[in-house]
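In: Kindly generate the corresponding structure for this input.
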Amino acid sequence: MVTSDDASALRTASRWPFGALEAAAALGGVLVGAGVLTVLGSLVEDLSQLAFAGVLVVLAALALGARRLLAGRARTVLACDLLEVVATGLVAVAAGIVLDRTGLRGEATALSVALPTAALGAWRAPRTRLAGSVVAPVAAVVAGLAAAALVRDGAEFAGWALVLVGFGVLAWAARAAQGAPSLARLAGSVSVSVGTVVMPFNAVPEFAGVLAACVVAGVTFAFGARTVRLEVLVPSAVALTIAVTRAAGELVDGQAAQGATTIGVGVLLLAVTLRRLRAARTT
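Out: Purely as a prediction, here's the structure:
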């Protein structure tokens, strides 16, 4: 039986799969990894591309070996997942270097690497704390952008690609069992939000692109408000504000009127968000 204290603890519990100390440790690890990549980047000029790909594979093997040594301990779960993410990224880059030597277009190479990487991340998502939930959305975004570039040169469809991939990631996070659905939702909402900012496209009239951006951002914000997911609400609110500001510039003459329109939408967003958050705390 759940007591009132238990219910209060559940309501205040973090939805994120790690705490502040683990996040700080992860940030330190990321900085170390960035430093290693910087040093390796300075050595690229002295190595052939295939040799550099071999170095990346060796580093990935070392990362997986370290992960195996750390596995099985409660305090090292996050470190193991970060090592898996690093190893996956290193192998993906190495595969891209090798495929690039075959003469494929850069977009085709990126798509060929990103699709299996996204599938691997989706498969690992329910088996890891956060590795799969990070790898799958990032690889899906890369695949979507590469596919859009293959369809048409230039950035005309980049926004649509980000929006479609973002909605796909949000749907996947809602239905598929995984260790860190909050991270997947954040990745999906950021992808959608960036896609709306990229709008309008050269392929459609400017106002049509602005209107599409407002609709997409509004739908995403409504989903975040209905489910009370801050990781969805915050990026979509920023995107909706930008889209509405653009729309006001198209529809309303005068800077003061445009500002008033933007303020009105902002007040509405705040009211909806605060009301939903208050309702969530009382249930």
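
In: Every contact and neighbour count from this point should use C-alpha atoms.
Out: OK.

In: show me where this protein has helices.
Out: Here the chain has its helices, by DSSP state H, at 4-12, 20-43, 49-70, 77-100, 106-124, 131-151, 158-175, 181-198, 206-227, 230-251, 255-282.

In: Tell me which other helices or strands the third one touches.
Out: So the one you mean is helix 49-70. When contacts are defined as 3 or more CA pairs under 8 Å, 6 or more residues apart in numbering; DSSP states H and E, helix 49-70 packs onto helix 77-100.

In: So which of the helices of the chain is the most surrounded?
Out: Counting by mean count of other CA atoms under 10 Å, helix 181-198 has the highest mean neighbour count of these, with a mean of 26.

In: And that one, what does it pack against?
Out: helix 131-151, helix 158-175, helix 206-227, helix 230-251.

In: nearest to residue 116, of these?
Out: helix 131-151 (8.6 Å; CA to CA).

In: got the angle for that closest one vs helix 158-175?
Out: 150 degrees (axes from the mean of the first three to the mean of the last three CA atoms, to 10 degrees).

In: Residue 95 versus residue 102, what's the distance?
Out: 11 Å (CA to CA, to the nearest Å).

In: got a list of what residue 187 touches?
Out: Residues near residue 187 by CA atoms under 8 Å, 6 or more residues apart in numbering: 134, 137-138, 166, 169.

In: and the gap between it and residue 168?
Out: Residue 187 is 11 Å from residue 168, by CA to CA.

In: same thing with residue 236?
Out: Residue 236 is 15 Å from residue 168, by CA to CA.

In: Next, find the distance separating the closest residue in space to residue 140 that isn't next to it in sequence from residue 210.
Out: Spatial nearest neighbour of residue 140, excluding adjacent residues (CA to CA, 6 or more residues apart in numbering): residue 118 at 5.6 Å. With distances taken as CA to CA, residue 118 is found 30 Å from residue 210.

In: Where does pLDDT dip in the stretch 1-150 of the chain?
Out: 1-47, 74 (pLDDT under 70).

In: Tell me who's in contact with residue 108.
Out: 146-147, 150.

In: do that again at 10 Å, thanks
Out: With contact set as CA atoms under 10 Å, 6 or more residues apart in numbering, residue 108 has these partners: 96, 99-100, 114, 143, 146-147, 149-150.

In: spatially speaking, which residue is in the middle of this structure?
Out: Centroid-nearest residue in the chain: residue 187, 2.4 Å away (criterion: CA atoms, centre = their mean).

In: that older thread, closest one to residue 60 among the helices and strands packed on helix 181-198?
Out: helix 131-151 (14.6 Å).

In: Check which helices and strands that closest one sits against.
Out: If you count contacts as 3 or more CA pairs under 10 Å, 6 or more residues apart in numbering; DSSP states H and E, helix 131-151 packs onto helix 77-100, helix 106-124, helix 158-175, helix 181-198.
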